[in-house]
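1. my questions are about this predicted structure, shown below with the sequence.
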2 protein chains.
Amino acid sequence: MPLHISDRTREMPASAIRKLVPLSDAAKAQGVKVFHLNVGAPDIKSPDCAFEAVIKRCSGLHHLSYTNSAGLMELREGLVNRYYKKIGIDIEVSELLVDVAGSEAFAVAMQIAAGPGEEVIVVEPFYTNYQTFAYLNGITLKAVPTDIREGFKIPDIAEFEKLLTPRTRAVLISNPCNPSGKLFSREEMLRIGDFCLKHDLFLISDEVYREFCYTDEPHFSAMNIPGLGQHVILADSVSKRYNLCGARIGCIVSHNKDVMAAALKFAQSRLCPPVLGQWAAIGALDTPQSYFDEVKAEYIRRRDCAVRMLNEMPGVFAPKPYGAFYTVAELPVENAEDFARWMLESFRLDGATTMVTPAASFYKTPGVGRNHARIAYVLEVPELRQALHILGEGLKEYCKMKGYGVA
Amino acid sequence: MPLHISDRTREMPASAIRKLVPLSDAAKAQGVKVFHLNVGAPDIKSPDCAFEAVIKRCSGLHHLSYTNSAGLMELREGLVNRYYKKIGIDIEVSELLVDVAGSEAFAVAMQIAAGPGEEVIVVEPFYTNYQTFAYLNGITLKAVPTDIREGFKIPDIAEFEKLLTPRTRAVLISNPCNPSGKLFSREEMLRIGDFCLKHDLFLISDEVYREFCYTDEPHFSAMNIPGLGQHVILADSVSKRYNLCGARIGCIVSHNKDVMAAALKFAQSRLCPPVLGQWAAIGALDTPQSYFDEVKAEYIRRRDCAVRMLNEMPGVFAPKPYGAFYTVAELPVENAEDFARWMLESFRLDGATTMVTPAASFYKTPGVGRNHARIAYVLEVPELRQALHILGEGLKEYCKMKGYGVA
């Protein structure tokens, strides 16, 4: 048998979010300015206290050793007492373990809830790496469809019931949702909670965008669904909350002792979470509320700009998102990936172009989302306006070229 | 079906290295001083340049964003040109990708080489987390036995041939070896290389202890086995090299384009390696050779002390290791785990005890290694001497209590 990489690795899906990167690199190499509305990499200032903590602990340091696999006790206690308690999530230190960002937290949560040959129900559209981790672990995702025209609201629970099999082990949801920006309401979460309780399913709740909500009501965490304490596995990010994405610190939280014991086994297999990032996270716990208020106001300005400009483009529909920093827009094209490629390869306005993420890979249902794109509003308003202007002009030219009639 | 964690997660082996930690915590809670010869967590000073780089980059920083999934180009180029080139490993930047420490590098390497139902040959004793990652990915490890009395040398290649099946996809070896401290020679590596070439197998070479070799000859990397360019996947650590274990930076290296493309897919699924740690690693590239010379001299002192004292204990045999900072010792007991537990629970000398790692889990062959313990010589000589004195006294008392006759 000749040397070749494993079948599973070869057939592993490549990142849909990153697969157009070579085209944007090529455009940049030609001197083209590329506006990135494609990745959730915010330009928002991180709190100074995070960096100050790292600087202080690095000064005169003897050596940088491993921490406990579950993370530094100082960070775990800080998260429990100074963050979760404040937002109304009541947990013990033993119910929280530090992970290598939200990515590790939900990958581990999925493996704890389901094994090879088992199934997890997701609400569509969903973060594409769920599919990657499901694939790598032999888990099948079954998707509950939502409707962009209805603002991606949770459908009747009968849609969930339809997907049940004897192998169903969990529901996985991100709230606020990446990619749609949909903020699921208390009522929607309670309905999902009832479903999980009734059928003895885990509820894996990815709440990495919890701090990015644009309503006056507080975010309703799955941790606060009454009676669901043993069922909920919370996958959370610390680094995302404070615009410290590169710190790679998150956590997994559950009242379920078996879940936490299993999470510790996974944690031990990779020795410990990054220590410098843990220090940044400890420092970030000093972040004042005013920081979050300013970030929220800034994202509301960006969202309002993005949603208005998108919906002003002929044939485009984008629901108003109330969370995260994304929206999914329906474009008047057949294939949003083809359009996104064409923007990078062929469309220039004053030497610039705009990059978006084709959204088909956020859907499991065949054919759905082919004309959708995810737009991340992660630029300041003047730049965002420019980026969307270019997108609109590009879209007009693309539709003309393709002969798509838009109003 | 009632709510329970997945079968695969429930049956996942817990860390053999860390499972006695609750007992050592309990001893400490009683005020007992515990000497840790159980974990490879060195107390050696890290180079100041690593921390200086972090401090410099954190000062006045706006925000900490993701890097490329493959790591910062500055770090990749630095590793290729300022580290690997210097030690005679000739690679391009495209043949190296930054990982979340050596742990991620070999976990990914194993998955690239083999999939569910396939097999990987390891040389026994081996690092226990190989077993964890094999288990999680449905890969079976087949172990080639070595003999402690022969200093763990690679046996006749017939021992490898015996384990071949149509499902064999790779050989996995750590050199220098954790846990045995065995430094495999050029001749031994060439024999393994021939075997891989003949049978079209990947050779996954875990060289995270490369900088910890105690001979006058340079370390012979699998990357330099002639004709094996497409077969070798190197799993390496940056943070371990510079005593920056908590930084969690490693890399995966291969001349094989398919391997690197697959490694990038895994990298993208976890977004990016920890950025603060990447900065520490960039700073660490300035470490002068004198640093490594001093570290080497220090470990030679420790090793010589440990090996001498161990072999002076009645009934104990420990071969002299030439790499890493471990040795495996044969103890005059039936069950080294029982002895290690007893030391933590019951044996005190002047209010102190010594913790070692029972080595049975480093072996796959049933029954082998039950009377072996891994000793990490990670303390300064005066402390190490105390720790080993306590171990020796404990061993005497334990053997007396058990009625084991030792000379």
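-> The structure has been received and is ready for your questions.

2. can you pull out the helices in the stretch 101-250 of chain A?
-> Using DSSP state H, counting those that start in this stretch, the helices of the stretch 101-250 of chain A run over A:101-113, A:128-136, A:158-161, A:186-199.

3. please name every helix or strand in contact with the third one.
-> I take that to be helix A:158-161. Under the contact definition 3 or more Cβ pairs under 8 Å, 6 or more residues apart in numbering or on different chains; DSSP states H and E, helix A:158-161 sits against helix A:186-199. Every residue, glycine included, has its C-beta placed from N, CA and C.

4. what sits up against the helix it packs on?
-> A:153-154, A:157, A:160-161, A:164, A:168, A:170-171, A:173, A:175, A:184, A:201-203, A:220, A:222, A:225-228, A:231 (Cβ atoms under 8 Å, 6 or more residues apart in numbering or on different chains).

5. okay if I get the helices of the stretch 101-250 of chain A as JSON lines plus mean neighbour count and mean pLDDT?
-> What follows is the helices of the stretch 101-250 of chain A, written out as JSON lines (neighbours: other Cβ atoms under 10 Å in any protein chain shown; pLDDT from 0 to 100):
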{"stretch": "helix A:101-113", "mean neighbour count": "27", "mean pLDDT": "97"}
{"stretch": "helix A:128-136", "mean neighbour count": "22", "mean pLDDT": "95"}
{"stretch": "helix A:158-161", "mean neighbour count": "14", "mean pLDDT": "98"}
{"stretch": "helix A:186-199", "mean neighbour count": "17", "mean pLDDT": "98"}
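
6. closest one to residue B:23 among these?
-> helix A:101-113 (25.7 Å; Cβ to Cβ).

7. which ones are touching the closest residue to chain B within the stretch 301-407 of chain A?
-> As assessed by Cβ to the nearest Cβ, chain B sits closest to residue A:378 within the stretch 301-407 of chain A, at 10.0 Å. Contact partners of residue A:378, counting by Cβ under 8 Å, 6+ apart, are A:36, A:37, A:39, A:40, A:41, A:42, A:43, A:302, A:325.

8. which one of those is nearest chain B?
-> residue A:41 (5.2 Å).

9. now the closest one: how far from residue B:362?
-> According to Cβ to Cβ, to the nearest Å, residue A:41 stands 42 Å off from residue B:362.

10. and the residue of the stretch 301-407 of chain A closest to chain B, that's in a strand?
-> No. Counting by DSSP: H, G, I helix; E, B strand; the rest coil, residue A:378 is not found in a strand; it is coil.

11. just the pLDDT for it.
-> On pLDDT, residue A:378 comes in at 93.

12. try residue A:152
-> 97.

13. what do you get for residue A:1?
-> With respect to pLDDT, residue A:1 scores 58.

14. outline the domain layout of chain A.
-> Per automatic domain parsing, the domain ranges recorded for chain A read A:7-45+A:290-402, A:48-284.

15. and those, which is most packed in?
-> When the domains of chain A are scored by mean count of other Cβ atoms under 10 Å in any protein chain shown, the highest mean neighbour count falls to domain A:48-284 (a mean of 21).

16. tell me how far it lies from the chain's centre.
-> For domain A:48-284, the distance from its own C-alpha centre to the chain's C-alpha centre is 10 Å (Cα atoms, centre = their mean, to the nearest Å).

17. export the helix or strand containing residue A:293 to PDB, keeping only CA atoms.
-> For residue A:293, the host element (DSSP states H and E) is helix A:289-312. Provided in PDB are the C-alpha atoms of helix A:289-312 (Å, rounded to 0.1, in the frame of the first residue of the first chain):
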ATOM      1  CA  GLN A 289     -18.400  47.800  32.800                       C
ATOM      2  CA  SER A 290     -17.900  51.000  30.900                       C
ATOM      3  CA  TYR A 291     -15.600  49.100  28.500                       C
ATOM      4  CA  PHE A 292     -18.400  46.700  27.600                       C
ATOM      5  CA  ASP A 293     -20.900  49.600  27.200                       C
ATOM      6  CA  GLU A 294     -18.500  51.300  24.800                       C
ATOM      7  CA  VAL A 295     -17.900  48.200  22.800                       C
ATOM      8  CA  LYS A 296     -21.700  47.600  22.600                       C
ATOM      9  CA  ALA A 297     -22.400  51.100  21.400                       C
ATOM     10  CA  GLU A 298     -19.700  50.800  18.800                       C
ATOM     11  CA  TYR A 299     -21.100  47.500  17.500                       C
ATOM     12  CA  ILE A 300     -24.600  48.900  17.400                       C
ATOM     13  CA  ARG A 301     -23.400  51.700  15.200                       C
ATOM     14  CA  ARG A 302     -21.600  49.200  12.900                       C
ATOM     15  CA  ARG A 303     -24.500  46.900  12.800                       C
ATOM     16  CA  ASP A 304     -27.000  49.600  11.900                       C
ATOM     17  CA  CYS A 305     -24.700  50.900   9.200                       C
ATOM     18  CA  ALA A 306     -24.200  47.300   7.800                       C
ATOM     19  CA  VAL A 307     -27.800  46.300   7.900                       C
ATOM     20  CA  ARG A 308     -29.000  49.600   6.300                       C
ATOM     21  CA  MET A 309     -26.500  49.500   3.500                       C
ATOM     22  CA  LEU A 310     -27.000  45.800   2.800                       C
ATOM     23  CA  ASN A 311     -30.800  46.200   2.600                       C
ATOM     24  CA  GLU A 312     -30.400  49.200   0.300                       C
END
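
18. that one and chain B, any residue contact?
-> No. Applying Cβ under 8 Å from any Cβ of the partner chain, one finds helix A:289-312 out of contact with chain B, separated by at least 11.1 Å.
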